[in-house]
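Visitor: fold the stuff below for me.
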Amino acid sequence: MTRLSVNINKVATLRNARGGNRPNVVEIAKDAERFGAQGITIHPRPDERHITKKDAYELKDVVSTEFNIEGYPDERFMTIIKDLRPDQATLVPDPPNVLTSNAGWDTLGRADELKPIIDKIKNLGVRVSIFVEPEIAIIKGAKALNTDRIELYTEMYASAYSKDKEKAIANYVEAATKAHELGIGINAGHDLDLDNLKYLIKSIPYIDEVSIGHALICDSLYLGLENTIQLYLRELNL
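Guide: Residues are numbered from 1 along each chain as shown. Predicted coordinates for the structure are as follows:
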């Protein structure tokens, strides 16, 4: 079964909008796990517009499932990974000024940059996943980098899903099949929701993990966090 990692960035965004500690990020993470989440994902950006460095260190002490820290692998990020040794570090190529992750790594053109970073993180005993787009050449490049997993950037799938879901998924199936053949673990994330999640998992049953934040938190405003997490788990339990 594909695991559900709940991205709690948006909880921190809401807290930061008002100041103080409501909603409490640590308590939300604990509740999400209690309600069935199989992992917690955070992205501690340098501008701390949602998750802060302090949050990351506090969460390390309470997350009892899988702790996934994603971010651009600058010096600050690498220090956090070295200090906290999460279960997984997900490398994203976006610089600090972008609103959200919007592209995958060029595993060929940036191989010389990525390889020593991946090696360094793996030597810490931390699993490495890199954010990529569904292209065969990129997948082969990821294999050469010796990453443990890739995370398929699913925004293009989500955007096209309502128009032609078979066309929307085609490149992802091809890319994931190649990754699976090469022995690379597969994660997925970005704009996944209760409408498009099940079809993704049915089409690519060997996805190890999905990371979902924005849609899940939005749904929980209407449905409640516990009910929402259970609904997402139901979509994954084919």
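
Visitor: all helices of this structure, in order?
Guide: Taking DSSP state H as the test, the helices found in the chain are 9-18, 25-34, 53-60, 75-84, 111-123, 136-145, 155-160, 165-181, 197-203, 214-223, 225-236.

Visitor: dump those to JSON lines, plus mean pLDDT, mean neighbour count and distance to M1.
Guide: To be clear about C-beta, it is placed using only N, CA and C from the backbone, and glycine gets the same treatment. Putting these into JSON lines (pLDDT from 0 to 100; neighbours: other CB atoms under 10 Å; distance: least, CB to CB, whole Å) gives the following:
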{"stretch": "helix 9-18", "mean pLDDT": "96", "mean neighbour count": "17", "distance to M1": "24"}
{"stretch": "helix 25-34", "mean pLDDT": "98", "mean neighbour count": "19", "distance to M1": "16"}
{"stretch": "helix 53-60", "mean pLDDT": "98", "mean neighbour count": "17", "distance to M1": "24"}
{"stretch": "helix 75-84", "mean pLDDT": "98", "mean neighbour count": "16", "distance to M1": "27"}
{"stretch": "helix 111-123", "mean pLDDT": "98", "mean neighbour count": "15", "distance to M1": "26"}
{"stretch": "helix 136-145", "mean pLDDT": "98", "mean neighbour count": "18", "distance to M1": "23"}
{"stretch": "helix 155-160", "mean pLDDT": "97", "mean neighbour count": "17", "distance to M1": "20"}
{"stretch": "helix 165-181", "mean pLDDT": "98", "mean neighbour count": "17", "distance to M1": "16"}
{"stretch": "helix 197-203", "mean pLDDT": "98", "mean neighbour count": "19", "distance to M1": "9"}
{"stretch": "helix 214-223", "mean pLDDT": "97", "mean neighbour count": "17", "distance to M1": "17"}
{"stretch": "helix 225-236", "mean pLDDT": "98", "mean neighbour count": "18", "distance to M1": "6"}
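
Visitor: turn the ones you listed into JSON lines, columns for distance to P46.
Guide: Listed next are the helices of the chain as JSON lines, based on distance: least, CB to CB, whole Å:
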{"stretch": "helix 9-18", "distance to P46": "14"}
{"stretch": "helix 25-34", "distance to P46": "18"}
{"stretch": "helix 53-60", "distance to P46": "9"}
{"stretch": "helix 75-84", "distance to P46": "6"}
{"stretch": "helix 111-123", "distance to P46": "17"}
{"stretch": "helix 136-145", "distance to P46": "24"}
{"stretch": "helix 155-160", "distance to P46": "23"}
{"stretch": "helix 165-181", "distance to P46": "30"}
{"stretch": "helix 197-203", "distance to P46": "31"}
{"stretch": "helix 214-223", "distance to P46": "20"}
{"stretch": "helix 225-236", "distance to P46": "28"}
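
Visitor: so which of the ones you listed comes closest to D191?
Guide: helix 155-160 (3.6 Å; CB to CB).

Visitor: what comes into contact with that closest one?
Guide: 102, 133-134, 167-169, 171-172, 190-193, 196, 200 (CB atoms under 8 Å, 6 or more residues apart in numbering).

Visitor: okay, L91: pLDDT?
Guide: Predicted confidence (pLDDT) at L91: the value is 98.

Visitor: and the two most separated of the contacts of helix 155-160?
Guide: With CB to CB as the measure, no two of the contacts of helix 155-160 lie farther apart than N102 and K167, at 21.2 Å.
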